[in-house]
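Colleague: Kindly return the folded structure for what I paste below:
(6 chains)
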There are 6 protein chains.
Amino acid sequence: MSTVSPPAHPDPRVTAVFDDIHATRGTDYINNFWQYLAFDPDLLEETWQQVKEVMATPGELDPLTREMIYIAVSIANSCRYCIHSHTAAARAQGMSDAQYAELLKVVSLAGKTNHLLNALQVPVDEAFDADAAA
Amino acid sequence: MSTVSPPAHPDPRVTAVFDDIHATRGTDYINNFWQYLAFDPDLLEETWQQVKEVMATPGELDPLTREMIYIAVSIANSCRYCIHSHTAAARAQGMSDAQYAELLKVVSLAGKTNHLLNALQVPVDEAFDADAAA
Amino acid sequence: MSTVSPPAHPDPRVTAVFDDIHATRGTDYINNFWQYLAFDPDLLEETWQQVKEVMATPGELDPLTREMIYIAVSIANSCRYCIHSHTAAARAQGMSDAQYAELLKVVSLAGKTNHLLNALQVPVDEAFDADAAA
Amino acid sequence: MSTVSPPAHPDPRVTAVFDDIHATRGTDYINNFWQYLAFDPDLLEETWQQVKEVMATPGELDPLTREMIYIAVSIANSCRYCIHSHTAAARAQGMSDAQYAELLKVVSLAGKTNHLLNALQVPVDEAFDADAAA
Amino acid sequence: MSTVSPPAHPDPRVTAVFDDIHATRGTDYINNFWQYLAFDPDLLEETWQQVKEVMATPGELDPLTREMIYIAVSIANSCRYCIHSHTAAARAQGMSDAQYAELLKVVSLAGKTNHLLNALQVPVDEAFDADAAA
Amino acid sequence: MSTVSPPAHPDPRVTAVFDDIHATRGTDYINNFWQYLAFDPDLLEETWQQVKEVMATPGELDPLTREMIYIAVSIANSCRYCIHSHTAAARAQGMSDAQYAELLKVVSLAGKTNHLLNALQVPVDEAFDADAAA
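Modeller: This is a model prediction of the structure:
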């Protein structure tokens, strides 16, 4: 059950993106997100471009750390598909059950204190202000 | 402006927690969260106990990774105090501007695709199911 | 799977609301939201009254714009049923695939910058303050 | 700093609502929400009507319980003004510090397990289905 | 479909927690949350410990009120499993359809005014500040 | 109070983006978001590029509709800065008080029914499934 359908006859821009996904990930599998997003080639192209650049390019943080941050945001936003796809991606990057359990400890503790602090509305310490530090 | 006030005369359980915060963090500074949470010694004790155990104990993930995950959740939950305090904590753990910028790239991309996938309601790929894999 | 069941023997107030839905929408179909909400005739009545007034009465914004705004909120709140029902309603109002794709571009970009700005906690420009402008 | 200003010359519908707030609450004070919402008399009228009916009419749940539920939702939605105004309202209804602390324990534990369960995507037990039970 | 599987051979710490759930709740049934959380005995232990302490220990608020607050947070956070499990728990505590309907009136009204006030960004009244009152 | 500071000595890529903002918007004013985001020229460049493409390029939806959708998402996500900046942008696009009030009626009604439907967990009607319709 979804709000769009994968195109019956993908246009060449879709095929080009799918080819790039194959090449970048070294797999024949295209997961449902991309299959369905192909209903609009423009949206598909720019979304894949950004995901590739942020998640599949060497950078400051290692790939597993990036996947765990992605999972954390997706959990807080209650995005079912994203939680599944990025947990699978993190496992593919080598995340162990023990690392996953620790990720969940941090995420759920943050969920707890986020609620506590949203409740208390405590004034932010001056010491935390980057402008003041500048 | 807050919904509680720090206690005028902290009880001994509060003082004991503050002493443990000093010892654990190696600093004289007690940030506002703990000062205000002290309105209920029980809530203060069990919250500090958990934060200490999850964030200040050696584990599967290094301390900076844990802080970045904490930041990610706090951003998604729009918890102003938590964002400030954990960004400051991550900087204290050595987070550079370049690492922070990359964290923000992952977090904001996740924010984007979370919205896209919540909109599309794409069916989750069977390949992502841990039960099926088991 | 739901937390309530549609009433086996709807009371007359339920029937009256269903008749008004038929008349207002020009259709025989009553979607599941109203069928299940009928477990409490009072809640059904006042919810339908508000939906009818805000969504089915001529106003400042055309009906398709209103549906797109409704979809936008529902995506951000991760309300699965609402996303499906209002996307279907927008299509019934004539929303094309191209308009839907542009809606998603705005919604997902907002999702991205919402996360960026929640992270940065940038001070709000004085120029944006309606009180100052008054 | 706000997105609208209170009207310089409130129209008679605004005055009528303010009079009803005075009468219902037994106070001369009109808090900022209503002052600013008065920029649109229609929105003011129907919002006050609902708040009055749901919060200030005898019903199934006592007034303090209703305020605590209101606070819980407002914390989860990170609505700063609502958190402040309904915490003040709960205190006016007699909420003690000890009750407030217990409210926060439930809310923050829910925040924690909400994150855990959004992460795990555990299948819902058949036993919880109202349709099955019907 | 989930991100972990229940352990094929639960370790003794899991069995001990399950025994305590049986004893505390007076039932043979262990719902899926605990079955799946058992993938990490440590996370299972500390989560059950907290749930037991906050939800199953006599305190300031009666058990049904606590369940309704839990439901309210879970709705706002869009946690499907939590909504189902705590609505079932509230019914087991005696929540009637009429009480449930009133809970939904408060929760959905809070959802409405949370959106209104997040939009208007009305300044918080000084009268609501606990620090000022102190 | 923010988590970064605007760069004391902006690099040439920052200046180029600022020049493009001036040219695109026909104003000398650079609002705080861009001033602070300039701490990372890369993040500034790609964010501005996307905002410009989605919000300042002729498309399927008129500019005011796009701004109202942006506001709707920002309200639901509780992003204070975004709410202020896009409400100001919508006013600059000609949004009247009456249109703003109607936007708020739709947004707050969606907030209300999102909470109701998240609570009820009503099954999605087959009629809403795009896959079925395909």
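
Colleague: C-alpha from now on. contacts and neighbour counts both.
Modeller: Fine.

Colleague: and stretch A:57-66, what's its mean pLDDT?
Modeller: The pLDDT scores in stretch A:57-66 average 97.

Colleague: Nearest spatial neighbour of residue A:88, chain-adjacent residues omitted?
Modeller: residue B:128 (5.7 Å; C-alpha to C-alpha, 6 or more residues apart in numbering or on different chains).

Colleague: Please disregard the earlier target; I meant residue A:36.
Modeller: residue A:6 (4.4 Å).

Colleague: The lowest-mean-pLDDT helix or strand in chain A and chain F in contact?
Modeller: Sorting the helices and strands of chain A by mean pLDDT, DSSP states H and E puts helix A:130-133 at the bottom, at a mean of 73. Yes - judged by C-alpha under 8 Å from any C-alpha of the partner chain, helix A:130-133 comes into contact with chain F through A:130, A:131, A:132.

Colleague: How about stretch A:45-61?
Modeller: No - counting by C-alpha under 8 Å from any C-alpha, chain F has no neighbours in stretch A:45-61; the shortest distance is 9.5 Å.

Colleague: Using PDB, write out every CA atom in that stretch.
Modeller: What follows is stretch A:45-61, C-alpha atoms only, in PDB (Å, rounded to 0.1, in the frame of the first residue of the first chain):
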ATOM      1  CA  GLU A  45      17.800  11.900  -9.700                       C
ATOM      2  CA  GLU A  46      18.400  14.700  -7.200                       C
ATOM      3  CA  THR A  47      17.600  12.400  -4.200                       C
ATOM      4  CA  TRP A  48      19.900   9.700  -5.300                       C
ATOM      5  CA  GLN A  49      22.600  12.300  -6.000                       C
ATOM      6  CA  GLN A  50      22.400  13.600  -2.500                       C
ATOM      7  CA  VAL A  51      22.300  10.100  -0.800                       C
ATOM      8  CA  LYS A  52      25.300   9.000  -2.900                       C
ATOM      9  CA  GLU A  53      27.300  12.200  -2.000                       C
ATOM     10  CA  VAL A  54      26.500  12.100   1.700                       C
ATOM     11  CA  MET A  55      26.500   8.400   2.400                       C
ATOM     12  CA  ALA A  56      28.800   6.800  -0.200                       C
ATOM     13  CA  THR A  57      31.600   9.300  -0.400                       C
ATOM     14  CA  PRO A  58      34.700   9.100   1.900                       C
ATOM     15  CA  GLY A  59      34.400  11.900   4.500                       C
ATOM     16  CA  GLU A  60      34.900  12.900   8.100                       C
ATOM     17  CA  LEU A  61      32.900  10.100   9.600                       C
END
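
Colleague: neighbours of residue A:57, just the number please.
Modeller: Using other C-alpha atoms under 10 Å in any protein chain shown, residue A:57 has 12 neighbouring residues.

Colleague: Next, work out how far apart the residue nearest the centre of chain A and residue A:47 are.
Modeller: Centrality entry for chain A: nearest residue to the mean C-alpha point is residue A:70, 3.8 Å, by C-alpha atoms, centre = their mean. According to C-alpha to C-alpha, to the nearest Å, residue A:70 and residue A:47 sit 15 Å apart.

Colleague: Residue A:32 too?
Modeller: 14 Å.

Colleague: does any part of the helix ranked longest in chain A sit near chain E?
Modeller: For chain A, the longest helix by residue count, based on DSSP state H, is helix A:97-120. Yes - using C-alpha under 8 Å from any C-alpha, helix A:97-120 reaches chain E at A:97, A:98, A:101, A:105.

Colleague: Local confidence estimate at the first one?
Modeller: Per-residue confidence (pLDDT) for residue A:97: 97.

Colleague: can you tell me if stretch A:90-103 touches chain D.
Modeller: No - Stretch A:90-103 stays clear of chain D (C-alpha under 8 Å from any C-alpha), getting no nearer than 10.0 Å.

Colleague: Can you get me the start-to-end distance on that stretch?
Modeller: So stretch A:90-103: terminal residues 11 Å apart, C-alpha to C-alpha.

Colleague: what ranges do the helices span in chain A?
Modeller: A:12-25, A:32-37, A:41-55, A:63-76, A:80-92, A:97-120, A:130-133.

Colleague: Deepest-packed of those helices, please.
Modeller: Mean neighbour count (mean count of other C-alpha atoms under 10 Å in any protein chain shown) peaks for helix A:63-76 among the helices of chain A, with a mean of 26.

Colleague: Just the residues contacting that one, thanks.
Modeller: A:55-56, A:80, A:82-83, A:86-87, A:89-90, A:93-95, A:103, A:107, A:111, B:65, B:68-69, B:72-73, B:76-77, B:103, B:106-107, B:110-111, B:114, D:115, D:118-119 (C-alpha atoms under 8 Å, 6 or more residues apart in numbering or on different chains).

Colleague: distance of residue A:83 from chain B?
Modeller: 9 Å (C-alpha to the nearest C-alpha, to the nearest Å).

Colleague: Serialize the residues of helix A:97-120 next to chain E to JSON lines and add fields for distance to chain F.
Modeller: Shown next, in JSON lines, are the residues of helix A:97-120 next to chain E (distance: C-alpha to the nearest C-alpha, whole Å):
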{"residue": "A:97", "distance to chain F": "31"}
{"residue": "A:98", "distance to chain F": "32"}
{"residue": "A:101", "distance to chain F": "27"}
{"residue": "A:105", "distance to chain F": "24"}
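
Colleague: and chain B, which of those residues contact it?
Modeller: Okay, of the residues of helix A:97-120 next to chain E touching chain B (C-alpha under 8 Å from any C-alpha), that's A:98, A:105.

Colleague: Residue numbers of chain A in contact with chain D?
Modeller: Residues of chain A lying near chain D (C-alpha under 8 Å from any C-alpha): A:75-76, A:78, A:80, A:83, A:104, A:107-116, A:118-119, A:121.

Colleague: at 7 Å what do you get?
Modeller: A:75-76, A:78, A:83, A:104, A:107-109, A:111-113, A:115-116, A:118-119 (C-alpha under 7 Å from any C-alpha of the partner chain).

Colleague: Which pair in those has the greatest spatial separation?
Modeller: A:83 and A:119 (26.8 Å; C-alpha to C-alpha).

Colleague: And the helices of chain A, which one averages the lowest pLDDT?
Modeller: helix A:130-133 (a mean of 73).

Colleague: how about it against chain B, any contact?
Modeller: No - with C-alpha under 7 Å from any C-alpha as the criterion, chain B is not reached by helix A:130-133; the gap is at least 8.6 Å.

Colleague: so what's residue A:5 closest to, chain neighbours aside?
Modeller: Per C-alpha to C-alpha, 6+ apart, closest to residue A:5 is residue F:131, 5.2 Å.

Colleague: ok, the one you found - contacts?
Modeller: Counting by C-alpha atoms under 7 Å, 6 or more residues apart in numbering or on different chains, residue F:131 makes contact with A:1, A:2, A:4, A:5.

Colleague: One more: residue A:28?
Modeller: residue A:22.

Colleague: Could you tell me the angle between the longest helix of chain A and helix B:63-76?
Modeller: 50 degrees (axes from the mean of the first three to the mean of the last three C-alpha atoms, to 10 degrees).

Colleague: And the contacts of helix A:97-120?
Modeller: Contacts of helix A:97-120 (C-alpha under 7 Å, 6+ apart): A:72, B:2-4, B:54, B:60-61, B:66, B:69-70, B:73-74, B:79, B:81-82, D:75-76, D:78, D:83, D:104, D:107-109, D:111-113, D:115-116, E:40.
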